[in-house]
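> Provide a 3D model corresponding to the input given below.
(chains A and B)
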Amino acid sequence: MSAIISIILGVLEEGLVYAIMAMGVYITYKILDFPDLSVDGTFPLGSAVTAVLIIAGVNPVLTLFISFLIGACAGMLTGLIHVKLKVRDLLSGIIMMTALYSLNLRIAGKANLPIFSQDTIFKNAFFKTVVPKVLQPYTMLVLLLIIAVIMKLLLDGYLKTKSGYLLRAVGDNEVLVTALAKDKGTVKIIGLAIANAFVALAGSIYAQKSGFFEISTGTGTIVIGLASVIIGTNLFKRKPFIKANGLFKKGITVKATTAVVIGAILYKACVAVAIAAGMEASDLKLITALLFLIILVVSNGRKRRVRAGD
Amino acid sequence: MIKLENINKYYNPGTVNEMCLFRDFNLTVQEGEFISVVGSNGSGKTSMLNIICGSIPIDSGRIVIGQEDITYMPEHKRQRRIGRVYQNPAMGTCPTMTILENMSLADNKGKSFNLSRGTDKKRRTNYREILQSLNLGLEDKLEVPVGSLSGGQRQALSLMMATMTPIEFLILDEHTAALDPKTAELIMQLTGQVVREKKLTTIMVTHNLRYAVEYGNRLLMMHQGEVIIDKADEEKNAIAIEDILDKFNQISIECGN
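Residues are numbered from 1 along each chain as shown, chains lettered A, B, ... in the order given. I've put the predicted structure just below:
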């Protein structure tokens, strides 16, 4: 019984970390309509920076903010490459991702940097004394939940501001942004900065949770992010529909950001099930890829059925 | 006032497909004029609008608005004084955002898009009034995404959004071409009303000769990058649809179609 609980606990913890990353991917993929591959580099960037800073004695909480800012800078660079140098969106991300691979190795000094023996946001003297022994296995989950909810609310709040409106508009209809006398390039750069800030923050949390920086953790980040976004947004399609009498009624009202968080947890659950079914840890990326393929095919099938029903 | 001076514009320069559209093109639009522009496809009507708005670069020449040379001003900066409605109703609005959010966006044109609330609740009644004047029932659909509106409703909304903040020039690029005759009529009436009320200097490209004759106080006909008819005020009032049609036929014969 406790084995199952620990699996569920693991799924929820991992899911919440990746949910923060997936919210970043949601910004680029769903709002900006920009397939941003630089997240494969910015996720381990957050981890590398955090590992090095924690070893240097920096406060673990502070490393979250620093990772967030450094991720924003990296995202801004992707945006600048795309907007100012007029490189195609996909290629700008690939360039950034490739450059960051080496940069991350430079920052960490090696491909694997353990911080097991260091204090982190999850493991410190404060929690050991304050939290009762029985509840200690759950501190990580609670803490992650708090961070994820805060980030979700921040993103929701931002999307309701004037600046957030403009971000949504640029992915929807660039022409309108120009018509509003705003530079669409600047808006895209801001969007990419925020997105990659979220991703690097998730990377920072991941390093503190797992106790090490590993260069390979970045590989496939975008796939996990996209899978979470697609599962989430497909499961909870928010579709206001018009009734015959002209009144409006909303379908299931789940905010897109909430849907993405749930999507990330569900995705991690699927992976956990696959591993429990006998797959090995080394098959992880294969499972990731196959799951993503299945999700894409299923959501395509759904779209086709909806169209046929029209 | 908009002034186009000695505009030269080549498409595909340096290739076998090189085509000269404008050669020393000149046009002056006076303050308060409502110009309707007609002409066959490829005559340079839309290119002219794009050149004014900065959507396409020119090879040489000068573009002046008022006293200011805007030849090298980027497109988005020019839009501060210009409102534009496109042929495609989808171009003027954001489909996934609600009517309320779209209007809030338009209302904020020229101001800073900062971290304050996107929709000003106090402006809500104002938006409702604007929508009510359209008589399309949109005032009760403030929370509906614009993507689920019909083409006509979206175009009416686009027109309202383009003219919501104080602008000097209104650019209409075949803005009724994608609509059914009845809706087109409605949008044209709205256009006339808005232009009168806000005293906008307007350039309207249209393929509908009746609108071209009925609306505005100056009529241009373009052909191969040149203005071949330019009539204002009384002279314009004297023009009938048949006269324009005759000219069209004449051109087709000259071109051998």
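> and the residue nearest the centre of chain B, bridged to which residues?
Chain B has B:Leu172 as the residue nearest its centroid, 1.6 Å off, counting by C-alpha atoms, centre = their mean. In this entry, B:Leu172 is beta-bridged to B:Val85, B:Met204, by DSSP bridges.
> was I right to think it contacts B:Thr191?
Yes - using C-beta atoms under 8 Å, B:Leu172 makes contact with B:Thr191 at a distance of 6.7 Å. For the C-beta atoms, the positions are set from N, CA and C on the backbone; glycine is no exception.
> what parts of the stretch 151-300 of chain A come near chain B?
A:158, A:160-166, A:168-169, A:172-173, A:175-184, A:240, A:242, A:248 (C-beta under 8 Å from any C-beta of the partner chain).
> among these, which are in helices?
Per DSSP state H, helices hold the following members of those: A:158, A:162-166, A:168-169, A:172, A:175-179, A:184.
> between those, which is nearest A:Ile31?
Distance to A:Ile31 across those (C-beta to C-beta) is lowest for A:Arg168, with 5.7 Å.
> run a quick neighbour tally on the closest one.
23 (other C-beta atoms under 10 Å in any protein chain shown).
> need the contact list for it.
Residues in contact with A:Arg168 (C-beta atoms under 8 Å, 6 or more residues apart in numbering or on different chains) are A:31, A:159, B:94, B:96-97, B:101.
> all helices for the chain, in order.
With no chain named, the answer covers chain A. A:2-25, A:39-55, A:60-83, A:89-108, A:125-130, A:136-159, A:162-172, A:174-179, A:184-210, A:221-235, A:256-276, A:284-309.
> that answer is for a different chain, and I need it for chain B
B:45-53, B:75-78, B:99-107, B:124-132, B:151-162, B:181-198, B:209-214, B:233-237, B:241-255.
> list the buried residues in the second one.
Read that as helix B:75-78. Buried residues in helix B:75-78, counted by 16 or more other C-beta atoms under 10 Å in any protein chain shown: B:75-76, B:78.
> from the residues you listed, which are also near chain A?
Contacts with chain A are made by B:75-76 out of the buried residues of helix B:75-78, judged by C-beta under 8 Å from any C-beta.
> nearest to A:Lys268, of the buried residues of helix B:75-78?
Using C-beta to C-beta, the buried residues of helix B:75-78 come closest to A:Lys268 at B:His76, 42.1 Å.
> tell me the confidence at the closest one?
B:His76 carries a pLDDT value of 94.
> ok, it touching A:Thr186?
No - between B:His76 and A:Thr186 there is no contact, the gap being 9.3 Å when judged by C-beta under 8 Å.
> how close does A:Tyr2 get to A:Leu9?
For the record, residue A:2 is Ser, not Tyr. As judged by C-beta to C-beta, to the nearest Å, A:Ser2 and A:Leu9 stand 10 Å apart.
> between these two, who's got more neighbours?
Neighbours were counted for A:Ser2 and for A:Leu9 using other C-beta under 10 Å; A:Leu9 has more, 15 against 8.
> what residues are up against the nearest residue to that one once chain neighbours are set aside?
The shortest distance from A:Leu9 to any residue other than its chain neighbours is 6.2 Å, reached at A:Leu141 (C-beta to C-beta, 6 or more residues apart in numbering or on different chains). Going by C-beta under 8 Å, 6+ apart, A:Leu141 touches A:9, A:12-13, A:16.
> show the buried residues in these.
A:12-13, A:16.
> now, which of those sits nearest chain B?
Using C-beta to the nearest C-beta, A:Leu16 comes nearest to chain B of the buried ones among the contacts of A:Leu141, at 26.4 Å.
> what ranges of the chain fall below the confidence cut-off?
Using chain A here. Across chain A, residues meeting the criterion (pLDDT under 70) sit at A:1, A:238-253, A:301-310.
> correction: the question concerned chain B.
B:255-257.
> what residues does it put near chain A?
Going by C-beta under 8 Å from any C-beta, the residues of chain B near chain A are B:74-77, B:79-80, B:83-84, B:86, B:90-97, B:101, B:104-106, B:108-110, B:112-119, B:141, B:143-145, B:148, B:162.
> quick one: the nearest residue to A:Gln136 once chain neighbours are set aside from A:Ile27, how far?
Using C-beta to C-beta, 6+ apart and skipping residues adjacent in sequence, the residue nearest A:Gln136 is A:Phe127, 7.3 Å away. According to C-beta to C-beta, A:Phe127 and A:Ile27 sit 32 Å apart.
> the two: who's more crowded?
Legend: neighbour count by other C-beta under 10 Å for A:Phe127 and A:Ile27, higher for A:Ile27 (31 against 16).
> quick one: contacts for the closest residue to the more buried one other than its chain neighbours?
Leaving aside its chain neighbours, A:Ile27 sits nearest to A:Ala195 (4.0 Å; criterion: C-beta to C-beta, 6+ apart). By C-beta under 8 Å, 6+ apart, the contact set of A:Ala195 is A:24-25, A:27-28, A:32, A:36, A:39, A:75.
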